[in-house]
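>>> Predicted coordinates and the sequence they were generated for:
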Amino acid sequence: MPAVSKGDGMRGLAVFISDIRNCKSKEAEIKRINKELANIRSKFKGDKALDGYSKKKYVCKLLFIFLLGHDIDFGHMEAVNLLSSNRYTEKQIGYLFISVLVNSNSELIRLINNAIKNDLASRNPIFMGLALHCIANVGSREMAEAFAGEIPKILVAGDTMDSVKQSAALCLLRLYRTSPDLVPMGDWTSRVVHLLNDQHLGVVTAATSLITTLAQKNPEEFKTSVSLAVSRLSRIVTSASTDLQDYTYYFVPAPWLSVKLLRLLQCYPPPEDPAVRGRLTECLETILNKAQEPPKSKKVQHSNAKNAVLFEAISLIIHHDSEPNLLVRACNQLGQFLQHRETNLRYLALESMCTLASSEFSHEAVKTHIETVINALKTERDVSVRQRAVDLLYAMCDRSNAQQIVAEMLNYLETADYSIREEIVLKVAILAEKYAVDYTWYVDTILNLIRIAGDYVSEEVWYRVIQIVINRDDVQGYAAKTVFEALQAPACHENLVKVGGYILGEFGNLIAGDPRSSPLIQFNLLHSKFHLCSVPTRALLLSTYIKFVNLFPEIKTTIQDVLRSDSQLKNADVELQQRAVEYLRLSTIASTDILATVLEEMPPFPERESSILAKLKKKKGPSTVTDLEEIKKERSSDMNGSAEPTPVNASNVSTPSPSADLLGLGAVPLTNSAPAPSSSGSLLVDVFSDSSSVAAPLAPGSEDNFASSSDLASSEVVSEEPADAVHDADELIHKFICKNNGVLFENQLLQIGLKSEFRQNLGRMFIFYGNKTSTQFLNFTPTVICSDELQSSLNLQTKPVDPIVDGGAQVQQVVNIECISDFMDAPILNIQFRYGGTLQNLSVKLPITLNKFFQPTEMSSQDFFQRWKQLSSPKQEVQNIFKAKHPMDTEITKAKIIGFGSALLEEVDPNPANFVGAGIIHTKTIQIGCLLRLEPNLQAQCSVLFQMYRLTLRTSKEAVSQRLCELLSEQF
Amino acid sequence: MVRELMQVVLARKPKMCSFLEWRDLKVVYKRYASLYFCCAIEGPDNELLTLELIHRYVELLDKYFGSVCELDIIFNFEKAYFILDEFLMGGEIQDTSKKSVLKAIEQADLLQEEDESPRSVLEEMGLA
């Protein structure tokens, strides 16, 4: 055996290390280190040239100091010098220092690359190995640029030693991971595939890793690897444990290689060739059979290695999802593990079973283990394992066992670890909704949730329960009764007060007949909680009170007294004060009719995907929830399916404004942890501010600062003629490229305001027509016109509006928008009406532009440039260089890019003055990924006249790049 | 990162499972007397085999140093690195055969020997 004594080469280092170890205190250690650093520094700076040995010793000391957690800011140059040494140990230490300490952006990279190049060319396998290790450990872009072309040659060259081949394969893999665009595919790929047949199992192992990663991105190119992998695997699993000599690990033949081959096969669907497929099935059966055999060794290493292969085989079975027989066997095997005494195995079994639950073949088989899993939830001592049990329960839940599972989860929630409570809450909320057969159960469940874990109930959850109660009139009475009872608990969670306030405000009348919950009692109950609540909740309660004024005229004076009290009217919080003042005023001056209209019951919400699900996805990452989500879609005859989407009645004054939409179109920010409190009250604010706009016509958008008055003045006065002049065509549209609300058009007679919202390929636009005169408009007919070309790509639906618009009044029209495919032009809004005997006719373009269907995409710098490179064909890129129309202001520019719809990616462009963005245009037929980059010309900043921008758009579709570039260029 | 992980891992009790989710990675750890070995892996990687990978590395250290202990690793930290480099590369296993890895290290040590014999002579001369 090689003795350790060889390490004695550097006595100085050993002395230093023991000194450090002998230090009694942290201070002494730091002192010793500083002394050594000073010594090394003076040695490096000294006039006397150091010999290689001393350099090696000092570099090694620096490395040790670094590993102790101290910063090292010198010595890099000396380490680089060591690289060119011919002595192996010096070179080795040099490479080690660089691998550990040099970050990938270091300026030394050029020098390092040079040394590596020499070593690669040296044909000395050991030197080549060191160089390859260094490339793989640093893995920077510069290194990829320098060597990505070279390494494949080394890899497939006939005379390369096995050990170098292994290193080359893994080194290439590393470079491909960091800079895939720099690794050229070519002839070598087919030769790499044949390495699967290599005699040397180490080479096969390394090659399999490489091929797996490459095949994920280029499946076609590596298709032939499937049959080779299957035959290799088959040879391994059928071999006797002694056949593979040192590659047998505790009686398990080549476990690492087996797992890697199984992973490679997971890049592909089941093999089409029946012979290959049969052979693979045999392999998988053999692996499953072996699990039943008595262990060949009692060592944990034996069982771990064996089970590792087994779990990977099960993953492949689940991935193929095509052999019911294998799936059920896999499930039974995992079922055994669920009760195994090894915690690791229980954990993994729960995890694998989770994926198994989503297969139609094995869902039922998984369900048979429900008692075991529930038991795991109760008895496991490790939170990671319990977490897996929760996941599995969630995955195996369906209509037949939902009540049981939800009950168990609620039960567990009382004692659950804080770290996973929020997730459980979301899961319970989703399951309760998805599998609710009767809504009373649903309401009970959610209220229980709030009771047990109120702090972890995010806004999405209680928004959702309100949405459902409002949309289902059969549950409203029950909901009102239940929240009323729940509120009677002496201490109840603020979220319950919110739900209670909202529901009683809407449906308190349904239980008011019962003397135990008379209007006054309801009010007093809510008001008793008022002082304990945060501002947003108080704001919500104030809205409840004004709703009570309408529902229960008999307690109007009591409520007015409360609103009038100093603590409300003079509240330090502006929002509360304003509500108190406005509500008080509203209750005093408005007639019962107006009150009834303004405070009418909320209309049903449009049906859409639960935002709770979205939140869970966000928490867990998309992959874990998608399967379920699809199942949900299949089975969604439940709550969502049965309630028909109800069109929002445009003339109803209490129509929620777009931003009041609770769960829908992204109005609710899906923050990760506790959402900002200020947003929680917003839903009611918006509802009410919208209805109060009845009294103040032409309100929408008037506060919008973007619609500068000069723009408005420039548009022509009145089009007296019945001519079809399109007003200021694109000028008007450009104001709306980066925003959704504002005044679209205004002249002496008419003001047109817009509010719009978009999500994916759908959108809705509210158009407000305000009559500025005191005379009625007659025959008022707005029409939205799409050119033939536009009609095929944009589907617009509008409802006719009342043909008479009174003087000073405002009417609203809703346009529902669906984007079918990408489009260029904007639709035209034509308005005709009679004013004092003259026919007025005007047309404006409606700002429905392609960028409205943007969804922002966040990505890292690396991803961004990778995609940027992928979209480099001349047709995909459109560039425009233009003069700045506005002063260059970074913050405004950023706001505009975000308003444009793309994500603003910070710290992506190496030049901090540049702006880059990314997003996806959603249309019904295709989705188009877009990248953009805006480069201000800073040199020209001295004179406003010469400020220039260069805007570059890259998308997968030329016309889209063109259009987006046009639209955005106008904004700066 | 190391410090944060240290606290998480040290807080775990012996009967707990050897895997824990940490940010978007999984940490697989194993304890050998007072030494903890940790590996961070990605979602689809095989946990059990990672555990054995740790074990194999410890076996390698053990073989090389002859019943390895903490001090061996501290005083010969560079050797521990070299062995790791021979065994793993860029996060992927290079060779699972104990023999191949040790052979590579032995070869390197032989080179070192050749290097060093003239060196110590020179040193003695320098000292003298």
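The structure has been received and is ready for your questions. Numbering: from 1, shown residues only, chains lettered A, B, ... in the order given.
>>> Number of residues surrounding residue A:22?
Counted with other C-beta atoms under 10 Å in any protein chain shown, residues neighbouring residue A:22 total 10. From N, CA and C alone the C-beta is placed, and that goes for glycine too.
>>> Residue B:95 versus that one, what's the distance?
According to C-beta to C-beta, to the nearest Å, residue A:22 stands 38 Å off from residue B:95.
>>> And residue B:16, by the same measure?
To residue B:95, residue B:16 is 32 Å away according to C-beta to C-beta.
>>> contacting residues for the residue of chain A found nearest chain B?
Nearest residue of chain A to chain B: residue A:174, at 3.3 Å (C-beta to the nearest C-beta). Taking C-beta atoms under 8 Å, 6 or more residues apart in numbering or on different chains, we find residue A:174 in contact with A:135-136, A:139, B:89-91.
>>> Would you enumerate the residues in contact with residue A:931?
Taking C-beta under 8 Å, 6+ apart, we find residue A:931 in contact with A:864, A:867-868, A:871, A:916-918, A:953-955.
>>> where do the helices sit along the stretch 51-200 of chain A?
In the stretch 51-200 of chain A, the helices defined using DSSP state H, counting those that start in this stretch lie at A:52-67, A:76-83, A:88-101, A:109-121, A:125-138, A:141-147, A:150-156, A:162-178, A:188-194.
>>> whoops, I mixed them up, chain B
Under the criterion DSSP state H, chain B contains helices at B:2-10, B:47-65, B:70-75, B:77-87, B:98-127.
>>> that older thread, among residue B:16 and residue B:95, which residue is more densely surrounded?
residue B:95 (27 against 18).
>>> What pLDDT is listed against residue 89?
No chain in the question, so chain A it is. With respect to pLDDT, residue A:89 has a value of 84.
>>> Correction: the question concerned chain B.
Looking at residue B:89, its pLDDT reads 83.
>>> How about the contacts made by the closest residue to it other than its chain neighbours?
In space, and not counting its chain neighbours, residue B:89 is closest to residue A:170: 4.1 Å by C-beta to C-beta, 6 or more residues apart in numbering or on different chains. Applying C-beta under 8 Å, 6+ apart, we find residue A:170 in contact with A:132, A:136, A:206, A:209-210, B:89-90, B:92, B:94.
>>> How about chain B: which residue is closest to chain A?
Nearest residue of chain B to chain A: residue B:90, at 3.3 Å (C-beta to the nearest C-beta).
>>> hang on, isn't that residue packed against residue A:137?
Yes - the pair residue B:90 / residue A:137 is scored as a contact, 7.1 Å apart, by C-beta atoms under 8 Å.
>>> Settle it for me: which of the two has more neighbours?
residue B:90 (24 against 21).
>>> Residue A:225 versus the residue nearest to the more buried one when sequence neighbours are not counted, what's the distance?
Using C-beta to C-beta, 6+ apart and skipping the chain neighbours, the partner closest in space to residue B:90 is residue A:174 (3.3 Å). Here the criterion is C-beta to C-beta. By it, residue A:174 lies 20 Å from residue A:225.
>>> Could you list the low-pLDDT ranges of the stretch 501-650 of chain A?
A:607-610, A:619-650 (pLDDT under 70).
>>> Now with 50, please.
A:622-650 (pLDDT under 50).
>>> got it, and the stretch 651-800 of chain A?
Along the stretch 651-800 of chain A, segments meeting pLDDT under 50 span A:651-725.
>>> residue contacts, residue A:909?
Taking C-beta under 8 Å, 6+ apart as the contact definition, residue A:909 lies against A:861, A:915-916, A:933.
>>> Among those residues, filter down to the buried ones and hand me the PyMOL syntax, if you would.
Selection command for PyMOL covering only the buried members of those, criterion 16 or more other C-beta atoms under 10 Å in any protein chain shown:
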select buried, chain A and resi 915+916+933
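>>> Out of the contacts of residue A:909, which sit inside strands?
In strands, defined here by DSSP state E, the members of these are A:915-916, A:933.
>>> Could you export the residues you listed as CSV, including distance to chain B and pLDDT?
Below are those laid out as CSV (distance: C-beta to the nearest C-beta, whole Å; pLDDT from 0 to 100):
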residue, distance to chain B, pLDDT
A:915, 28, 87
A:916, 24, 88
A:933, 28, 88
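>>> Return the member of those nearest to residue A:310.
residue A:916 (46.3 Å; C-beta to C-beta).
>>> That closest one pairs with what?
Beta bridges link residue A:916 to residue A:905, residue A:933 when assigned by DSSP bridges.
>>> surely it meets residue A:867?
No - using C-beta under 8 Å, residue A:916 makes no contact with residue A:867, being 11.0 Å away.
>>> rewinding a little: in helices, which of the contacts of residue A:931 fall?
Among the contacts of residue A:931, the members falling in helices (DSSP H) are A:864, A:867-868.
>>> Would you mind checking those for buried ones?
Taking 16+ other C-beta under 10 Å as the criterion, what is buried in the ones in helices among the contacts of residue A:931 is A:864, A:867-868.
>>> quick one: stretch A:839-846 to chain centroid distance?
Put simply, stretch A:839-846 sits 42 Å off its chain's centre (C-alpha atoms, centre = their mean, to the nearest Å).
>>> Please apply the same query to stretch A:465-479.
From the chain centre to the centre of stretch A:465-479 is a distance of 31 Å (C-alpha atoms, centre = their mean).
>>> Quick one: end-to-end distance for it.
End-to-end distance of stretch A:465-479 (C-alpha to C-alpha, to the nearest Å): 10 Å.
>>> So for it, what gets flagged as buried?
Buried residues in stretch A:465-479, counted by 16+ other C-beta under 10 Å: A:465-472, A:475-476, A:478-479.
>>> which ones among those are found in helices?
Mapping the buried residues of stretch A:465-479 onto helices (DSSP H) picks out A:465-471, A:475-476, A:478-479.
>>> which of these are the two that sit furthest away from each other?
When C-beta to C-beta is used, the two most widely separated members of these are A:467 and A:478, lying 16.0 Å apart.
>>> Just give the strands next to the one helix or strand residue A:780 maps to in its sheet, each with its orientation.
Residue A:780 belongs to strand A:778-785 when assigned by DSSP states H and E. Counting by DSSP bridges, the strands paired with strand A:778-785 are strand A:828-835 (antiparallel).
>>> And for the partner strand, what's in contact with it?
For strand A:828-835, contacts defined as C-beta under 8 Å, 6+ apart pick out A:722, A:724, A:726, A:749-750, A:752, A:767, A:769, A:773, A:775, A:777-786, A:805, A:839-846.
>>> Equivalent analysis for stretch B:32-50, please.
Under the contact criterion C-beta under 8 Å, 6+ apart, stretch B:32-50 has outside partners A:255-256, A:259, A:263, A:266, A:304-305, A:307-308, A:311-312, A:315, A:344, A:348, A:623, B:5, B:9-10, B:18-19, B:22, B:24-31, B:53-54, B:57-58, B:70, B:73.
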